[in-house]
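1. Any chance you could fold what I've pasted below:
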Amino acid sequence: MAQVTDLWRHPIKGVGCERLETVSLATAQCMPMDRHWAIAHADAKLDYETPEWARCINFARGARGAKLMAVGAKFDAATRMVHLTHPDLEDLCVNPDDPADASLLVDWVTRISDPRRSLPAQVYKAPNRGMTDSGTASLSIHTRASMDALASACGASLDQRRFRGNIWLDGAHAWEEFDWIGKRLRVGTAEFEITKPVERCVATMVNPDTGITDRETLKALKDTWGHQDFGVFAIVTKAGDISLGDEYEVL
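-> Numbers count the residues shown, from 1 in each chain. So this is what the prediction gives:
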């Protein structure tokens, strides 16, 4: 059956993810509270006085430090607190909008950052959108069949968390999502325009349980299919709700 199997969001860009059972989407907006905050590193080129969306190279993330991939996160909408876990650290519960908590967050993330790279310096957010990897406010959509194909090429199972996706679908053929580019997709009661593939980085090579690089995902993509793309970006064109088990269709 063509249905939604998993929903994920990432309250702090590159620092943890959490499963959802349902989500309400607004037109031309990313998933609520997805990449709502980011942690800028010391060499980031940002305007802190008038913050706006910025490229991922400015922020702490798995591509800059593998251990960050093992962070788990849970956002509490009532308290605005984010609960963070990591196998090498004590748990942390913070409101990133609070200056004191933001300082604790930066220190916590620094402890699992690569000391050879520019280290975390400051919490950052834009006023009207999440710090997604696309220049437009978007979500990412993936299929289980494509992950199974990539896992087979890698010779080992893969965890969804490697790919930092938002919506996972079952019932499609492997790589069918690339055929949706330029088309519209209805998922639950929401509708999307599928815009482009997601080009992948070294973060996908990291085990999200341990923070250790253990799979040659990029090599497998390049050697087997001639690209490093996995998943597609999507823009919400019609507001709606999506829940686990909802059906989807190409319009």
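2. what number of residues lie near residue 107?
-> Neighbour count of residue 107, defined by other C-beta atoms under 10 Å: 11. Yep, even glycine has a C-beta here, placed from its N, CA and C like the rest.
3. Identify each buried residue in the host helix or strand of it, please.
-> Using DSSP states H and E, residue 107 sits within helix 99-110. Within helix 99-110, the residues that qualify as buried are 101-102, 105-106, 108-110, counting by 16 or more other C-beta atoms under 10 Å.
4. Identify, from these, the entry nearest to residue 91.
-> residue 108 (9.7 Å; C-beta to C-beta).
5. gap between the closest residue to that closest one other than its chain neighbours and residue 118?
-> Computed as C-beta to C-beta, 6 or more residues apart in numbering, the closest residue to residue 108 that is not its neighbour in sequence is residue 92, at 4.9 Å. Distance, residue 92 to residue 118, using C-beta to C-beta, to the nearest Å: 22 Å.
6. Show me which residues of stretch 236-247 are buried.
-> Applying 16+ other C-beta under 10 Å to stretch 236-247 flags 236-237, 240, 242, 244, 246 as buried.
7. What are the contacting residues of it?
-> Residues outside stretch 236-247 that contact it (C-beta atoms under 8 Å, 6 or more residues apart in numbering): 1-7, 21-29, 139, 167, 184, 187-193.
8. tell me, how many neighbours does residue 61 end up with?
-> Using other C-beta under 10 Å: residue 61 sits among 23 other residues.
9. That one contacts residue 67, correct?
-> No. Using C-beta atoms under 8 Å, residue 61 is not in contact with residue 67, being 11.4 Å away.
10. Need phi/psi at the residue nearest the centre of the chain.
-> Of all residues in the chain, the one closest to the mean position by C-alpha atoms, centre = their mean is residue 164, 3.1 Å from it. Backbone geometry at residue 164, expressed as degrees, to the nearest 10, gives phi 50, psi 40.
11. tell me the secondary structure for residue 219?
-> With DSSP: H, G, I helix; E, B strand; the rest coil as the basis, residue 219 sits in helix.
12. quick one: it and residue 154, what's the gap?
-> For residue 219, the distance to residue 154 - C-beta to C-beta - is 9 Å.
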